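sequence first, predicted coordinates after that:
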Amino acid sequence: MALLALVLLPAVLGLLALALPGSGARRALLVGGALLQGALVTVVLRDGAPPALGGWLALDALGTLFLGTTTLLFVVVALHAQAGVRGGAGVERAFVPCLFWFLAAMTLVTLSQHLGVLWVAVEATTLASAPLVYHNRDAHALEAAWKYLLLCSVGIALALLGTFLVALAAGGARSAVPLTLDALVRQGHAGGLDPKLLAGAFVFLLVGYGTKMGLAPLHTWLPDAHSQAPASASALLSGALLSCAFLALLRGWQLCQAAGLGPFAARLFVFFGLLSMVLAAAFIVGQRDYKRLLAYSSMEHMGVLALGVGVGGAASYGALLHAVNHSLAKGLLFLVAGNILAVYGTRATTGVRGVLRRLPLSGALWLAGFFALAGLPPFGLFVSEITILRGMVEQGRWWVVALYLAALAAVFAGMSSIVLRMAQGQPGEDELRATPPEPWSATVPPLLLAAGVLLLGLWIPAPLDRLLHAAAVSLGGQP
Amino acid sequence: MGLISLCLVLVVLLSVGVLAASRLQTSIRLVAAQGVVLGLLPALLHDRELGVHLLVFAAGAIAVKGWLMPWLLLRAMREAEVRREVEPFIGFSATLLLAGGLTGAAFLMADELPIPVPADSQLLVGAALSTLAIGALVMVTRKKAVTQVLGYLLLENGIYVFGQTLTGSVPELVELGILLDVLAGVFVMGIAIFHINREFDHMSVPELTALRD
């Protein structure tokens, strides 16, 4: 029942937030609810929880990893949303309820062991987060929300077709094998699946959940939605939701591994991973909107994740560590981007100069976040990117190594010129005087994330290390 | 020809009808009619094990697909004062020709696929694939936001028909979840349509091209 409570609590909190009258009360509920959910998740992670709903919901190593990251990011974002009044629009009525429902849907994604439940949960994340994208209530936000809603709904509809094909591969109506990971992967029923139908199913799952994850060439909605949403929603969309979509895709990957289709799935992962990295690099170089810059960077890192899992071996561990690192670093950068946007009032990279002088703490965090995201030591993404590289080198896949490094270098060059130009420079005296000091709620939450991503670069706590190993093994990687 | 085959042919004809209709209200009503036929389908396919929960589910599916969703869309149109014409990118005769080709291809492909179907329903997979393809065609060849939602619904309906090959292995609770998700999707899209019309004063999707690199 504990697992069911993890999904129901934010859902009920969302209803409660809808009923509350004032925006102050809603914001207080956001923090209180987030902390409550954080405490509940901590207890469940520490003590474990029995499967619920007849095995449809359970915590395995992979799910635990993404549940922990999602919840952590949500708590930090809830703290940061306290600064939301400075954005101008304030916290409007639908925003907090949708945030809670979004959390409920993402939590359900991480707990789902049944492929049908997983689909329902992923589609629910789209529906709960589309109103968040439209928060700014202008023509651009509307365009972004519409594209997001329609493209992702169609994509996920194809994932449903893929799910039905898995059921057919399992024998269709005559079969008694339930579509749970426990039956298919751990009890080994996947070996009896029809390989041709399963291969078709995996392609549809890849297209469907890949759309949601922002893999090229199905990423077109991503930069729009992530740049138009307000800071807290962008941080969750990029840091938590993309990881959840990745998890959904990994469930299909696990099926293929168990059914002996590992090499087939690996080729597709490597191809689409590299394609996403290269295309993202092309859009990052010369980008004129810094929130879109971050969005394309997310696409690049999703490419790294798919590539890492596709390469396998040591890279599986690296990819999972990278998912955690990326969530923290991208959450950090989108929150700081929100601070910058609130003061400068523009998303244009050319309109922002001297962040370090005008907003010292946000400026420093902006730079730290960029160094982390670019994979420089001593941050966590350096460790995970090197681990993925080691996996490729061990297998002697030199073409993959070359493309991987070239894309990373191009992204670094493209991002550094933009980010450094924004941070440096001398703002006018009037601007400096007109800028009030930043409230704690704007700077402390991203500071926490920066500390986290720095910590993961220096030392990985033993429980996290064990969890990452167990999750990597469940993906067929090296222990 | 059995009742099941008749229903499946009707599903395909209604999809083509959505593509052929020149008025939005007609298109919405055709999708509603298709929803009713789809609601009957599980009961017809499993008439021997016709239990209470199957009937309840059929009634629910008819209520949602045949009444609630079309009502939401018609209401969104009324409140947003959408004009009634469909506004295609590509002319009606050309898209109908394309739809004919896609339907033929879908049925040919269905024959090749190694998918076991319930008795008396050889047309099932073909009908599913052609509805899916026509839904995609509606989405890419029609300008208005409402028609894109209709295309999405056709696509979902096609997948729903496809899912009938495996009733039993997908639990009812999951099917219910899928139905609710699609319903909520139409609800949110209906709200978005209202805002699009207010913002742009009409509802053509080509206007939504400000965001790009």
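Structure's in. What do you need? Keep in mind that what you see is a predicted model, and the values were worked out from it rather than measured. Residues are numbered from 1 along each chain as shown, chains lettered A, B, ... in the order given.

which stretches in the stretch 301-450 of chain A count as helices?
Along the stretch 301-450 of chain A, the segments classed as helices by DSSP state H, counting those that start in this stretch run A:314-344, A:355-358, A:360-373, A:380-394, A:398-423, A:429-434, A:440-458.

which one of these lies closest to chain B?
Between chain B and the helices of the stretch 301-450 of chain A, the shortest gap by Cβ to the nearest Cβ is with helix A:398-423, which sits at 12.6 Å. Heads up, the C-betas are built off the backbone N, CA and C, glycines and all.

buried deepest among the helices of the stretch 301-450 of chain A, which one?
Mean neighbour count, computed with mean count of other Cβ atoms under 10 Å in any protein chain shown, is highest for helix A:314-344 among those, reaching a mean of 27.

quick one: contacts of stretch A:406-415?
Contacts of stretch A:406-415 from elsewhere in the structure, counted by Cβ atoms under 8 Å, 6 or more residues apart in numbering or on different chains, are A:274, A:277-278, A:280-282, A:284-287, A:293, A:297, A:300, A:303, A:370, A:373-375, A:385.

chain B next: which of the residues you listed are close?
The residues of the contacts of stretch A:406-415 that also fall near chain B, by Cβ under 8 Å from any Cβ of the partner chain, are A:Gln287.

give me the buried subset of the contacts of stretch A:406-415.
With neighbours counted by 16 or more other Cβ atoms under 10 Å in any protein chain shown, those contain buried members at A:274, A:277-278, A:280-282, A:284, A:287, A:293, A:297, A:300, A:303, A:370, A:373-375, A:385.

who's in contact with the strand or helix carrying A:Leu464?
Using DSSP states H and E, A:Leu464 sits within helix A:462-474. By Cβ under 8 Å, 6+ apart, the residues outside helix A:462-474 that reach it are A:60-62, A:64-65, A:185, A:254, A:316-317, A:320-321, A:324, A:460, A:478-479.

please report how far B:Met189 lies from B:Met109.
30 Å (Cβ to Cβ, to the nearest Å).

which of these two has more residues huddled nearby?
Between B:Met189 and B:Met109, counted using other Cβ atoms under 10 Å in any protein chain shown, B:Met189 has the larger neighbour count: 27 against 14.

in contact with the more buried one: list those residues for me.
Contacts of B:Met189 by Cβ under 8 Å, 6+ apart are A:Leu149, A:Leu150, A:Ser153, B:Ala145, B:Val149, B:Tyr152.

quick check: phi and psi at it.
Torsion angles at B:Met189 (phi, psi; degrees, to the nearest 10) stand at phi -60, psi -40.

quick one: A:Val352 and A:Thr346 touch, right?
Yes: using Cβ atoms under 8 Å, A:Val352 is in contact with A:Thr346, at 6.8 Å.

settle it for me: which of the two has more neighbours?
Neighbours per residue, other Cβ under 10 Å: of A:Val352 and A:Thr346, the larger number sits with A:Val352, 24 against 13.

for that one, give me phi and psi.
Torsion angles, degrees, to the nearest 10, at A:Val352: phi -120, psi 120.

ok, it to A:Phe334 distance?
Using Cβ to Cβ, one obtains 15 Å as the distance from A:Val352 to A:Phe334.

ok so, going back, quick one: mean pLDDT over the helix holding A:Leu464.
For helix A:462-474, the mean per-residue pLDDT is 95.

okay, buried residues for that helix please.
A:Leu467, A:Leu468, A:His469, A:Ala470, A:Ala471, A:Ala472, A:Ser474.

swap in stretch A:54-69?
So for stretch A:54-69, counting by 16+ other Cβ under 10 Å, buried means A:56-69.

out of these, which are close to chain B?
Applying Cβ under 8 Å from any Cβ, the subset of the buried residues of stretch A:54-69 adjacent to chain B is empty.

which one of these is nearest to chain B?
Distance to chain B, by Cβ to the nearest Cβ, is smallest for A:Trp56 among the buried residues of stretch A:54-69, at 8.4 Å.

the closest one contacts A:Val120, doesn't it?
No: the pair A:Trp56 / A:Val120 is not scored as a contact, 10.5 Å apart, by Cβ under 8 Å.

next structured bit after the helix or strand containing A:Gly210?
Taking DSSP H and E as the criterion, A:Gly210 maps to helix A:195-213. Using DSSP H and E, the helix or strand that follows helix A:195-213 in sequence is helix A:222-228.

find the closest residue to chain B in the stretch 301-450 of chain A.
Relative to chain B, the nearest point of the stretch 301-450 of chain A is A:Arg347 (11.1 Å; Cβ to the nearest Cβ).

got a list of what that residue touches?
Residues counted as contacts of A:Arg347 (Cβ under 8 Å, 6+ apart) are A:Ser227, A:Asp289, A:Tyr290, A:Lys291, A:Arg292, A:Leu341.

the residues you listed: which ones sit near chain B?
By Cβ under 8 Å from any Cβ, the members of the contacts of A:Arg347 lying near chain B are A:Ser227, A:Arg292.

by neighbour count, which of the contacts of A:Arg347 wins?
Counting neighbours by other Cβ under 10 Å, the top entry in those is A:Tyr290, with 26 neighbours.

elements contacting the helix holding A:Gly210?
Contact analysis of helix A:195-213 by 3 or more Cβ pairs under 8 Å, 6 or more residues apart in numbering or on different chains; DSSP states H and E lists helix A:115-133, helix A:139-169, helix A:242-258, helix A:262-284 as its packing neighbours.
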